[in-house]
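# Sequence first, predicted coordinates after that:
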Amino acid sequence: MSRIPSASRTQVMGIVNVTPDSFSDGGEHFGTEAAVRHGLRLLAEGADMLDVGGESTRPGIARTAETEELRRVVPVVEQLAARGAIVSVDTMRASVARATVAVGARIINDVSGGLADPEMYDAVAEAGCAYVLMHWRGHSTDMDRRSSYHDVVSEVRDEVAARLELAVAAGVPVDDIILDPGIGFAKTREQDWELLRHVDAFGALGRPVLIGVSRKRFLGEVVAGTRPEQSPKDRDFATAAVTGWMAERGIWAVRTHEVRAQRDAIAVVQALRGKGPRDAVTDRVVGTFLDSEEPR
Ligand code: PMM
């Protein structure tokens, strides 16, 4: 049976960055206690699962040391999983995948699609977890120079399909794999829009699709019309608009910093489809996680 969490609608994966330097939340939730509290708040707001990351992939940024990444994420994953959360871990390292699945992580979200660490597929196959395989062409230090495509949709799709084949050949069960076109990774803004327009090309590969656009640079240009002096958080409404489009196309999940507007956008699409807004909200966890939150 697949290890991928399922629902009758698009799910929301709330982002918990345990980094001092994330471009979109500026290290607000750095530190174990703050990160756990933030995760619990996202769950209370309706997140279906959490994505915990200890290494920033901001364009141009240098890598985080392995020991530091482990120090940041392991206790956060352990505490959130112990509280019943479905935890994904955003990592390119097999060692981090192994250590976090051992303390309760159920999904490994590898933005490098297995390219950064030759041991990743083996680690995932042995650990037994769901695996997000994202399109990637190189580390953040110079990824902006790798955005040359003749036809971005077919090339990204084919590169993802090739990695999917390799992961399966290495022993990762195909039923456990989720695909992601990697919006903003080695892509220009126009290429990001083109991939979103043609997201169905990725669903056609036969696996669930995850999309991450939250607060990303390419949304800056649409927001500029109403907010010339914008911060990344000013892109949350634009992010929700993309979420609605994805929900309409039956995308498996969206990875976002903000949760409530995303859940609302998904509920609206469900209602427009005639499913009724109640169907979209009955599985909400509001309350459950708020009660377990530490007093502040
Ligand atoms: N984007 C970021 C980090 N991890 N994971 C997946 N699967 N897809 C993405 O698009 C993605 C990701 C970069 O965003 P952040 O620095 O705001 O977390």
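Happy to help now that I have it. Residues are numbered from 1 along each chain as shown.

# hey, where'd the helices end up in the stretch 1-150 of the chain?
Counting by DSSP state H, counting those that start in this stretch, the segments of the stretch 1-150 of the chain that form helices are 32-44, 66-82, 94-102, 120-127.

# Just list what the shortest one packs against, helices and strands only.
Put plainly, it is helix 120-127. Under the contact definition 3 or more C-beta pairs under 8 Å, 6 or more residues apart in numbering; DSSP states H and E, helix 120-127 sits against helix 94-102, strand 107-110, helix 152-169. Quick note: C-beta positions are derived from backbone N, CA and C, even for glycine.

# and the stretch 151-296 of the chain, which residues reach the ligand?
Asp180, Gly182, Ile183, Leu210, Gly212, Arg255 (C-beta under 6 Å from any ligand atom).

# Tell me the predicted confidence for the third one.
If I follow you right, that is Ile183. In this model, Ile183 is scored at 97, pLDDT.

# Tell me how many other residues crowd it.
The tally of other residues near Ile183 (other C-beta atoms under 10 Å) stands at 24.

# Could you report the distance from it to Val242?
Separation of Ile183 from Val242 (C-beta to C-beta, to the nearest Å) stands at 9 Å.

# any shared contact partners between these two?
Common neighbours of Ile183 and Val242 are listed as Leu196, Ile211, Val213 (criterion: C-beta atoms under 8 Å, 6 or more residues apart in numbering).

# Using TSV, please lay out those together with neighbour count.
Shown next, in TSV, are the shared contacts of Ile183 and Val242 (neighbours: other C-beta atoms under 10 Å):
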residue	neighbour count
Leu196	17
Ile211	26
Val213	23
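
# Could you export those residues as TSV, including distance to Val77 and secondary structure?
Shown next, in TSV, are the shared contacts of Ile183 and Val242 (distance: C-beta to C-beta, whole Å; DSSP: H, G, I helix; E, B strand; the rest coil):
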residue	distance to Val77	secondary structure
Leu196	30	helix
Ile211	23	strand
Val213	24	coil
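
# Go through the residues of the stretch 151-296 of the chain next to the ligand and say which is closest to Ile107.
Leu210 (9.5 Å; C-beta to C-beta).

# State whether that closest one is indeed within a strand.
Yes. According to DSSP: H, G, I helix; E, B strand; the rest coil, Leu210 belongs to a strand.

# Look up how far Val199 lies from the nearest residue in space to it that is not next to it in sequence.
In space, Leu210 comes closest to Asp180 once its chain neighbours are excluded; the distance is 4.5 Å by C-beta to C-beta, 6 or more residues apart in numbering. From Asp180 across to Val199, the span is 10 Å (C-beta to C-beta).

# Roughly how far does Val199 sit from Glu155?
For Val199, the distance to Glu155 (C-beta to C-beta) stands at 15 Å.

# of these two, who's got more company?
Set side by side, Val199 and Glu155 show more neighbours around Val199, with 20 against 14, by other C-beta under 10 Å.

# That one: what's it in contact with?
Val199 touches Pro181, Val209, Ile211, Met246, Arg249, Ile251, counting by C-beta under 8 Å, 6+ apart.

# ok, it to Arg157 distance?
10 Å.

# Common neighbours of these two, please.
Shared contacts of Val199 and Arg157, counting by C-beta under 8 Å, 6+ apart, come down to Pro181.

# All set now, cheers.
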